[in-house]
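Engineer: Model the structure of this input:
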Amino acid sequence: MKNKILLVGLGNIGFRHLEGILAIKKKLIIYIFDKNQNKYFEISNILKNKKINHTLIFVKKINEIKNVDLLILATDSLNRLKILEKIIKNVKVKSILLEKVVFLDNKSFTKAIKLIKFYRINTWVNCIRREVLFYNKLKKKVKNDLIKIYFTGYKWGLASNLIHFIDLFFYLTSSKKIEYFTEFNNKKYITKRPNYYDINGFVRIRDSKSNELILEDNKKYKNNSLKIELGNKIYIIKNNLVYLKKTQENHLVIKDNLNDEKVSVITTRFINKLLKKDKINLTNLEVSFNYHKILFTVIKRYLKKHKLLKLNYT
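Structural biologist: Next up is the predicted model:
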């Protein structure tokens, strides 16, 4: 019997998920839904010359589907809860993969968690670095050494991408008690997605052991840069390559790569693990709620400083 996957949302991220689903070797039934059904023609044209071993079904109404093994919900955060409720109440779903930022407030999280518990659905949040091989190897090296993670750049999406780094920080450190400092430079700026904004600023999170996550979105930076300090080693990540710089030396040595840090690759890996019932590293919805609470606090501080009522980000 073929496993069934429902992909909802055919934006940029949704299409990357579709690429990952199509890379699965085991034959699947793939249901695809988007409110803008003109995208069905676009996808059909893109795929028409490619060999596909799966059954693709473009869905006009969600209630046409009876049951699926996996729902991938790649819609925007503003409407995600409403769509999630509609699907779960009309379709029997075994597992769910949700995109970040999952929701924009505590109330939505609470409703969603109550819903998935009632229907007993396994639900994960797609903060993909937990499934990237380099970070898995790095986690094994984190024992008694302190770790510091720095990400700097300009207009890289502090609000929308902060949850990725919070999730990675907790994955590598297993921190419990934390404190954080924030500083914001300018007012919000509009993103490529209509009705969504992002912010410039500085965020530092520190746990009781002095592990740190330091993030900055500032126009003084020309390029995005990720640096991880672990003990006497410094890892610098750029252009999908991992360089090792020892603290006593100035030259960099290529030690690894991040070729698998792509949504499509992680989607394939996630689905294969799900089918084989292997351990999945991604954060479940309840735990991710705790990490989102940190994000929400940062956003509240920003809103208070600039005397704003709300900020839509994703």
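Engineer: Mind checking the pLDDT average for stretch 173-192?
Structural biologist: Per-residue pLDDT values across stretch 173-192 average out to 89.
Engineer: Revised request: answer the last question for stretch 59-77.
Structural biologist: 95.
Engineer: Distance from it to the middle of the chain?
Structural biologist: 19 Å (CA atoms, centre = their mean, to the nearest Å).
Engineer: Go through it and flag the buried ones.
Structural biologist: By neighbour count on 16 or more other CB atoms under 10 Å, the buried set for stretch 59-77 is 59, 62, 65, 68-77. Just so you know, the C-beta spots here come from the backbone N, C-alpha and C atoms, and that holds for glycine as well.
Engineer: Reformat those as a markdown table; add secondary structure.
Structural biologist: A markdown table is the format used below for the buried residues of stretch 59-77 (DSSP: H, G, I helix; E, B strand; the rest coil):
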| residue | secondary structure |
| --- | --- |
| Val59 | coil |
| Ile62 | helix |
| Ile65 | coil |
| Val68 | strand |
| Asp69 | strand |
| Leu70 | strand |
| Leu71 | strand |
| Ile72 | strand |
| Leu73 | strand |
| Ala74 | coil |
| Thr75 | coil |
| Asp76 | coil |
| Ser77 | coil |
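Engineer: Make CSV from those and add distance to Asn3 to it.
Structural biologist: Shown next, in CSV, are these (distance: CB to CB, whole Å):
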residue, distance to Asn3
Val59, 17
Ile62, 19
Ile65, 14
Val68, 9
Asp69, 5
Leu70, 7
Leu71, 12
Ile72, 13
Leu73, 17
Ala74, 19
Thr75, 22
Asp76, 27
Ser77, 27
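Engineer: From Thr55, how far off is His17?
Structural biologist: According to CB to CB, to the nearest Å, His17 stands 17 Å off from Thr55.
Engineer: Which one's more surrounded, those two?
Structural biologist: Just comparing His17 and Thr55: by other CB atoms under 10 Å the higher neighbour count belongs to His17, 28 against 12.
Engineer: Quick check: Ser210 is in a helix.
Structural biologist: No. Read with three-state DSSP, Ser210 is coil and lies in no helix.
Engineer: surely it meets Ile147?
Structural biologist: No. Between Ser210 and Ile147 no contact is recorded; they are 9.7 Å apart, counting by CB atoms under 8 Å.
Engineer: Which one's more surrounded, those two?
Structural biologist: Higher neighbour count among Ser210 and Ile147: Ile147, with 22 against 9, using other CB under 10 Å.
Engineer: Which residues lie in contact with the more buried one in this structure?
Structural biologist: The neighbourhood of Ile147, defined by CB atoms under 8 Å, 6 or more residues apart in numbering, consists of 172-173, 211-212, 228-230.
Engineer: Now with 10 Å, please.
Structural biologist: Shown here is Ile147, whose contacts under the criterion CB atoms under 10 Å, 6 or more residues apart in numbering are 138-139, 141, 169, 172-173, 175, 207, 209-213, 228-231.
Engineer: same thing with Lys48?
Structural biologist: Lys48 makes contact with no residue under the criterion CB under 10 Å, 6+ apart.
Engineer: quick one: pLDDT of it?
Structural biologist: Spelled out, the predicted local distance difference test score at Lys48 is 87.
Engineer: Correct me if wrong: Asn272 contacts Asn3.
Structural biologist: No. Checked against CB atoms under 10 Å, the pair Asn272 and Asn3 is beyond contact range at 11.2 Å.
Engineer: Looking at these two, which has the bigger crowd around it?
Structural biologist: A count of neighbours by other CB under 10 Å puts Asn3 above the other of Asn272 and Asn3, at 18 against 15.
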